[in-house]
Every structure is written in C-alpha cells, then in structure tokens.
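Trainee: I would like the atomic coordinates for the input below:
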Amino acid sequence: MLIAGFVVFFIGFVLIICYPINKRKNARCTAQTQGVFVGVRGRYNSKGRLKDMHTYSYQVDGVEYHLKTLDHNLQVRKVGDHCTIWYNPAKP
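Mentor: Numbers count the residues shown, from 1 in each chain. Below you'll find the predicted structure:
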C-alpha cells in the first residue's frame, strides 16, 4: 500500500513539473500552416522499445521544414494526407 501511494505521489509530482513547461511551449506555437504527412518509421527509444516516428513536412515563407515526432496527428490516415501544423513564428 505504501508503494502504491509513493507511485501516485511521484506521478503527480512529475506532472506538476511538466505541465508549466508544456504550457509555455504550446503558448509559443501561435502560427499555423498546412502540412503533409510524409511517413512513419519504427525507431528504438532509449529503453530498447520500438516506437513509431511520424514525419510531417510543412512550409513557412517558402522554406520547407520537417517535423519528426512520436505524436500521431489524428487528421491523417495515410501518407500524403494534409494536416494543420502549429509552429513558433520565431523558430518555425
């Protein structure tokens, strides 16, 4: 019982610390553009587990950028689908 209480406390503590960091990051991403789902590749994380790395391509002021993330955009189903990309205008 003591271990379960510690685990719940630890998870809550981590979430309390991470929430303001993600909130600041999301607050900076104020501009949006249309992107294209380029593909997905399996990558091994630091724990040796296979995770899907999703790649998106988008353009800002004529410059093409690529976004690689473990997060999957629910707007896309297959390669070539379009989706909304939120980005930081200071660092697209």
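Trainee: how close does Glu64 get to Ser46?
Mentor: Glu64 is 29 Å from Ser46, where distance means Cβ to Cβ, to the nearest Å. To be clear about C-beta, it is placed using only N, CA and C from the backbone, and glycine gets the same treatment.
Trainee: Make sure Ala4 is indeed in a helix.
Mentor: Yes. Inclusion of Ala4 in a helix is indicated when DSSP: H, G, I helix; E, B strand; the rest coil is applied.
Trainee: Count the residues that sit near it.
Mentor: 8 (other Cβ atoms under 10 Å).
Trainee: low-scoring pLDDT stretches of this protein, where are they?
Mentor: 1, 6-27 (pLDDT under 70).
Trainee: Could I get the full set of helices for it?
Mentor: According to DSSP state H, the chain carries its helices in the segments 2-28.
Trainee: May I see the buried residues of the longest strand seen in the chain?
Mentor: Criterion DSSP state E: the longest strand present in the chain is strand 31-44. Residues of strand 31-44 classed as buried: 35-38 (neighbour count, 16 or more other Cβ atoms under 10 Å).
Trainee: Need the contact partners of that strand.
Mentor: The contact list for strand 31-44 (Cβ atoms under 8 Å, 6 or more residues apart in numbering) reads 50-60, 66-67, 73, 76, 78-89, 92.
Trainee: repeat that for 6 Å
Mentor: Strand 31-44 is touched from outside by 50-58, 76, 79, 81-87, 89, with contacts defined as Cβ atoms under 6 Å, 6 or more residues apart in numbering.
Trainee: Filter those down to the buried ones and hand me the ChimeraX line.
Mentor: With 16+ other Cβ under 10 Å as the criterion, this ChimeraX line picks the buried residues out of the contacts of strand 31-44:
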select :54,56,58,76,85,87
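Trainee: Could you list which of the contacts of strand 31-44 belong to strands?
Mentor: Using DSSP E, those in strands are 50-58, 82-87.
Trainee: Quick check: of these, which lies closest to Ile3?
Mentor: Taking Cβ to Cβ as the measure, Ile3 lies nearest Lys51 of the ones in strands among the contacts of strand 31-44, at 27.8 Å.
Trainee: correct me, but the closest one touches Asn45?
Mentor: Yes. Using Cβ atoms under 6 Å, Lys51 is in contact with Asn45, at 5.2 Å.
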